[in-house]
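Participant: give the three-dimensional model of this entry:
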Amino acid sequence: MYRFLLTPRWWGINVFAALAIPFCLFMGSWQLGRFEARADSHREQQQSAESTARQTAEPLAGLLPVTQRTTGRIAEATGTYGTQLLVPERRLDGRDGFYVLTLLRTGDGPALPVVRGWLPGDANTAEAPAPPEGEVTVVGALQAPENRRSEGARAGGLPEGQIGIISAAALVNVVPDDVHNAWITLTEGSDGLRPVPPAVAQNTGLDLKAFQNLGYTGEWFVFAGFVLFMWFRLFRREVETQRDLALGLVPAAPTPPAGPAPSATPSPEGEPAPSAEPGGGSAGAGGPAGPAPEAEPVSPSPAGKATAGESGPTAKT
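Facilitator: As a prediction, the model looks like this:
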């Protein structure tokens, strides 16, 4: 009864199901792993942010280049302050304000952007306190460079002395120094500046992208179940069909309708066709002609004579 599984049609169905189901399960497991990794990273970043005050400062060189694991770690650097810029439209505790960013020259290497703190108000009219002079040692949370999707980021259209995105790509066009592709926010404020809390590394939180991974997980598992369901449905239908054939329950194929009666064989060219008239005579050329019908006698009448007499000259002419 199950010999139909060896037919070419069912070979194709079986091979497709055998490949599609494991593939869907693999993709679903992979998407689930991505979601779990984001959840674990989010938990680690929250724990790191909560323990920032208890962390021991590490040399900046040991934490570069900045990664998701080093983001939020406490870094220490020594140098002298240089160019100072303002970062407008930054909110803190629900209030509008701006960051005060100053470059720290650390020897012969690239300068380090340092966010010294936050001030309320408008960056166009407010005056930020000048940075300390001489050599200083700063301690702050290491941060990854911002991009256009970062909260509060603004691209272009700012007056001189302001910058909208804290990154080496944005600073290289504003300052003459080489800049690290990272920055730190001081853990303690000074000169009336409020310290800016460190931000969580991008692509590590339970954001929309993380829940998209969870949604894709469900979709792939549903696809695997659908393929398995369709295979069993086709298999069951084929088994029922084979059982009906074995029991003779399937009606025989209908007899095709009879076609039109074959036409008479045409007569060879040159032979007369047989006459359909009674008597067997043929009107074709070369056949004996039948007797001509007799004319009915016409009774004489005076009018008939007159007519014959009048028509005589005409006929003679």
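
Participant: ok, the residue lying closest to G97 once chain neighbours are set aside to A128 distance?
Facilitator: Closest residue to G97 apart from its sequence neighbours, by C-beta to C-beta, 6 or more residues apart in numbering: P120 at 4.2 Å. The C-beta positions use only the backbone N, C-alpha and C, and glycine is treated the same way. According to C-beta to C-beta, to the nearest Å, P120 stands 12 Å off from A128.

Participant: looking at the two, which one has more neighbours?
Facilitator: More crowded of P120 and A128, by other C-beta atoms under 10 Å: A128, with 21 against 13.

Participant: picking up where we left off before, contacts only, for the residue nearest to G97.
Facilitator: 95-97 (C-beta atoms under 8 Å, 6 or more residues apart in numbering).

Participant: buried subset of the residues you listed, written for PyMOL?
Facilitator: A single PyMOL command is used to select the members of the contacts of P120 judged buried by 16 or more other C-beta atoms under 10 Å:
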select buried, resi 97
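
Participant: three-state assignment of V138?
Facilitator: Look at V138: counting by DSSP: H, G, I helix; E, B strand; the rest coil, its state is strand.

Participant: for it, name its beta-bridge partners.
Facilitator: A77 (DSSP bridges).

Participant: after whichever strand or helix holds L19, which helix or strand is next?
Facilitator: According to DSSP states H and E, L19 maps onto helix 8-50. Remark: after helix 8-50, the chain's next helix or strand is strand 58-59, criterion DSSP H and E.

Participant: and the residue nearest to G97, what are its phi and psi?
Facilitator: phi -80, psi 160 (degrees, to the nearest 10).

Participant: what distance do you get for the residue lying closest to V66 once chain neighbours are set aside to V136?
Facilitator: Among residues not flanking V66 along the chain, A182 sits closest, at 4.2 Å (C-beta to C-beta, 6+ apart). Distance, A182 to V136, by C-beta to C-beta: 18 Å.

Participant: more crowded one of these two?
Facilitator: Applying other C-beta under 10 Å to A182 and V136 shows that A182 carries more neighbours, namely 24 against 14.

Participant: check contacts around the more buried one.
Facilitator: Counting by C-beta under 8 Å, 6+ apart, the residues that A182 touches are 64-66, 112-113, 142-145.

Participant: low-confidence regions, the chain specifically.
Facilitator: 1, 45-54, 200-207, 250-317 (pLDDT under 70).

Participant: helices of that one, residue ranges please.
Facilitator: For the chain, applying DSSP state H gives helices covering 8-50, 168-171, 208-247, 302-316.

Participant: ranking those by burial, who's on top?
Facilitator: Among the helices of the chain, helix 168-171 has the highest mean neighbour count (mean count of other C-beta atoms under 10 Å), at a mean of 18.

Participant: how far does that helix sit from its chain's centre?
Facilitator: 34 Å (C-alpha atoms, centre = their mean, to the nearest Å).

Participant: would you put the C-alpha positions of that helix in CSV?
Facilitator: Provided in CSV are the C-alpha atoms of helix 168-171 (Å, rounded to 0.1, in the frame of the first residue of the first chain):
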residue,chain,number,x,y,z
ALA,A,168,35.9,60.8,15.6
ALA,A,169,34.3,61.2,12.2
ALA,A,170,32.5,64.3,13.3
LEU,A,171,35.4,65.8,15.3
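
Participant: show me the contact partners of it.
Facilitator: 103, 113, 145, 163-164, 179-181.

Participant: about what we covered before: for the helices of the chain, which one sits closest to E58?
Facilitator: Judged by C-beta to C-beta, the one of the helices of the chain that comes nearest to E58 is helix 8-50, at 13.0 Å.

Participant: now the closest one and helix 208-247, what's the angle there?
Facilitator: Orientation check (axes from the mean of the first three to the mean of the last three C-alpha atoms, to 10 degrees): helix 8-50 against helix 208-247 gives 160 degrees.

Participant: now the contacts of helix 168-171 in CSV, with distance to P8?
Facilitator: Output for these, formatted as CSV (distance: C-beta to C-beta, whole Å):
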residue, distance to P8
L103, 73
P113, 68
P145, 59
I163, 68
G164, 65
V179, 66
H180, 65
N181, 60
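
Participant: dump the residues you listed to CSV, plus neighbour count.
Facilitator: Formatted as CSV, the contacts of helix 168-171 follow (neighbours: other C-beta atoms under 10 Å):
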residue, neighbour count
L103, 25
P113, 28
P145, 20
I163, 20
G164, 20
V179, 22
H180, 23
N181, 16
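
Participant: among these, which pair sits farthest apart?
Facilitator: The span of the contacts of helix 168-171, defined through C-beta to C-beta, is set by G164 and H180 at 18.7 Å.

Participant: how many residues are close by L158?
Facilitator: Quick note: L158 (other C-beta under 10 Å) scores 18 neighbours.
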